[in-house]
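Novice: prediction below, plus the sequence it came from.
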There are 2 protein chains.
Amino acid sequence: MRIAQIAPLFESVPPKLYGGTERIVSYLTEELVRLGHDIVLFASGDSETMAELVSCSPAALRLDPEVEDPIPHYMVMLERVRRRAAGFDILHFHIDNLHYPLVRAMARPSVTTMHGRMDLPDYPPLFAEFDEMPLVSISDGQRRGVDANWVATVHHGIPKSLYRLGSGDGGYLAFLGRISPEKGVDRAIEIAKQAGIPLKIAAKIGVGDRPYFETTIAPLLDQPHVDFIGEIGEDRKQDFLGRAAAMLFPIDWPEPFGLVMIESMACGTPVIGWPCGSVPEVIDDGITGFIVDDIESAVDAVAMTASLDRHLVRRRFEKRFTAARMATDYLKVYEALTEERGGGKLPAQALLSLHAA
Amino acid sequence: MRIAQIAPLFESVPPKLYGGTERIVSYLTEELVRLGHDIVLFASGDSETMAELVSCSPAALRLDPEVEDPIPHYMVMLERVRRRAAGFDILHFHIDNLHYPLVRAMARPSVTTMHGRMDLPDYPPLFAEFDEMPLVSISDGQRRGVDANWVATVHHGIPKSLYRLGSGDGGYLAFLGRISPEKGVDRAIEIAKQAGIPLKIAAKIGVGDRPYFETTIAPLLDQPHVDFIGEIGEDRKQDFLGRAAAMLFPIDWPEPFGLVMIESMACGTPVIGWPCGSVPEVIDDGITGFIVDDIESAVDAVAMTASLDRHLVRRRFEKRFTAARMATDYLKVYEALTEERGGGKLPAQALLSLHAA
């Protein structure tokens, strides 16, 4: 198929540092290219891809100190998409909702993956107006209670070989994420304490979360069982996650997906998570980890992780959360949407490549 | 003519409190209706107009505590404009650049008034891409050095009867605006001190400007010649401006227009301003005020304001800065843009109403 992938401009694809959405767009794009599809990636000019790259800003907006307003750059991007739109079987957007009126005006097949939290009060009027716009959720939890034209849930995936089975013999629990109230690092510290196991915390402190860190978290870090190692890059994640006995994911917000859970599983490391947002869909309770809803159950779960088979955790990851699985799911979505719209009117070329997928 | 006015959604049209752009859109809309044109105003649902109102959000976004992200509301607005676009001779946008790709896709005559500062680094790539998009500047100063398809400068105007000639006998200088470094209230305090005349300051303190106020301005307010009266509403402006001997506009930034200057002139009160942005275009030096570039010259100018004829200041306002003059200017712009595009293909109805204008 001829597919346009339209990525956020905040980070490059893949991102140099953070940027969950841009990572996923990168994995999906590269996988679709490998599967033989004709992919054009609309993204910041410092992106790297095997697909054709259409640069829509010289560099990622978040890293460019010159950028004050992202909107003009997105308008340039939309125009570049518009100009080439007729050449694609489907346009796959990852930029929230900036493109909805334009997509209606162009009347081209499209699908939009919503990567963020969907419970904003600003969304109901949007979806009431654009009630035919095909949307993909990244978890069923994400779309719960949100009335829109959801056509599928496609869980994220990461390349199979990005991580490998780790030993789990580090004798510690891992926490990986931002320091913010909804990520629950204070819960993680308490769980490790009661379980009598060291906790390693690899975490970024955002500017906005600095006061929370100073007042609430910093005083907890002095305890002998806590090791705060700060922010870590991709290159250190294998070791950090792979050697952990378990990863704690004690969140207190409707996490739309939670990539770190599947990164942990890719290392064979079980995840102990609270049942918010996507968590009950991502963790196979009793196989790839445990779903708990209070500290006491979490402490019990830590004790039980030794009984889980890390090979099985890794195999479950390979079955459910690889980029290849994600690409296959999206191809089904593209196929359904183009057949639905085009009927017999799709060019033979597109149909052929679609059935070959 | 059949004209769509597309206003920002942040405030209602007209605004309940602040909102320079929304005020201007209101004045223009009402004036065009009075001139017999067929106007549809796309704006927040709490707007009030003699035109047909298309509500694009239940209430002004800035006053709605539920609103977290303005973009979805603007997407709803753009869709409502799109659906009716074919019914207008021209679409007049006041929403920066969110509509550019859609306007190209619709291929309808449009014009966009840029209401803000144009020297953002984000603009050059936008205008390089959309180099045919017809733009109106609100001062020549605003567009200086910015390469885009500027089709006209249309200075703002306010209704002739909004203010009346004031006595100017209050024995004070006036400062009206926000407390922020670029508005120069510290300069105003120093000018009044050296001129030996009281200064009344009517000013809003924005959340972001609070630290600047506390550290830099508050200590200056204790002086006996300074009277800080806080924020004032529309109903108090006539008295505040009309009784002032002169208004000080000692700005230190490229003000795109500066409505308060023409409000002052409407009361017959001369303006003493620094030559930034629009100021040299708005003040007729030696007639409606003085253009100065240091404190000393400003102090001299204060002494000279007594020699200016307040009736003449008011007359100059009536000639140059009324809403009627602004509407006439915009009609010329609409006419030029529709003739240019439509050639002989405009419907007779539109041509007739256009020539009657």
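Specialist: The structure has been received and is ready for your questions.

Novice: where in chain A is pLDDT low?
Specialist: The model of chain A has pLDDT under 70 over residues A:340-357.

Novice: name the single longest helix found in it.
Specialist: The longest helix of chain A (DSSP state H) is helix A:323-342.

Novice: what about A:Glu129, neighbour count?
Specialist: A:Glu129 has 21 neighbouring residues, counting by other CB atoms under 10 Å in any protein chain shown. Where you see a C-beta, it was placed from the backbone N, CA and C, and this is true even at glycine.

Novice: what strand or helix carries the residue lying closest to it once chain neighbours are set aside?
Specialist: The shortest distance from A:Glu129 to any non-neighbouring residue, by CB to CB, 6 or more residues apart in numbering or on different chains, is to B:Val76 (4.7 Å). Taking DSSP states H and E as the definition, one finds B:Val76 inside helix B:71-84.

Novice: for that helix, packing partners?
Specialist: In this structure, helix B:71-84 packs against helix A:100-106, helix A:123-129, strand B:2-6, strand B:38-43, helix B:100-106, with contacts taken as 3 or more CB pairs under 8 Å, 6 or more residues apart in numbering or on different chains; DSSP states H and E.

Novice: just so I know, which of these lies nearest A:Pro58?
Specialist: helix B:100-106 (19.0 Å; CB to CB).

Novice: from what I can see the residue nearest to A:Glu129 touches A:Asp131, true?
Specialist: No. Using CB atoms under 8 Å as the test, B:Val76 is too far from A:Asp131 to be in contact (11.7 Å).

Novice: okay, and the common contacts of those two?
Specialist: The contact sets of B:Val76 and A:Asp131 do not overlap (CB atoms under 8 Å, 6 or more residues apart in numbering or on different chains).

Novice: higher neighbour count, those two?
Specialist: B:Val76 (24 against 10).

Novice: which ones are touching the more buried one?
Specialist: Contacts of B:Val76 by CB under 8 Å, 6+ apart are A:125-126, A:129, B:56-57.

Novice: interface residues of chain A facing chain B?
Specialist: By the rule CB under 8 Å from any CB of the partner chain, the part of chain A lying against chain B is A:57-58, A:66-73, A:75-76, A:78-80, A:82, A:96-98, A:100-102, A:104-106, A:120-123, A:125-126, A:129-130.

Novice: buried set for stretch A:176-191?
Specialist: Within stretch A:176-191, the residues that count as buried by 16 or more other CB atoms under 10 Å in any protein chain shown are A:176-180, A:183-191.

Novice: any chance of TSV for those, columns secondary structure and distance to B:Leu221?
Specialist: Conversion of those to TSV gives the following (DSSP: H, G, I helix; E, B strand; the rest coil; distance: CB to CB, whole Å):
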residue	secondary structure	distance to B:Leu221
A:Leu176	strand	51
A:Gly177	strand	47
A:Arg178	strand	42
A:Ile179	coil	41
A:Ser180	coil	39
A:Lys183	helix	44
A:Gly184	coil	47
A:Val185	helix	45
A:Asp186	helix	44
A:Arg187	helix	49
A:Ala188	helix	50
A:Ile189	helix	48
A:Glu190	helix	50
A:Ile191	helix	54
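
Novice: ok, these vs B:Cys267, which is closest?
Specialist: A:Ser180 (51.7 Å).

Novice: so what's the closest one closest to, chain neighbours aside?
Specialist: Leaving aside its sequence neighbours, A:Ser180 sits nearest to A:Asp209 (CB to CB, 6+ apart; 4.7 Å).

Novice: that neighbour: neighbour count?
Specialist: A:Asp209: 18 neighbours (other CB under 10 Å).

Novice: does it belong to a helix, a strand or coil?
Specialist: Under DSSP: H, G, I helix; E, B strand; the rest coil, A:Asp209 falls in the helix class.

Novice: from memory it sits against A:Ile179, does it?
Specialist: Yes. Assessed by CB under 8 Å, A:Asp209 is found in contact with A:Ile179 at 5.4 Å.

Novice: what about A:Leu165, distance to chain B?
Specialist: Counting by CB to the nearest CB, to the nearest Å, the gap from A:Leu165 to chain B is 41 Å.

Novice: that residue: what secondary structure?
Specialist: Going by three-state DSSP: A:Leu165 is coil.

Novice: swap in A:Phe228?
Specialist: Assignment for A:Phe228 (three-state DSSP): strand.
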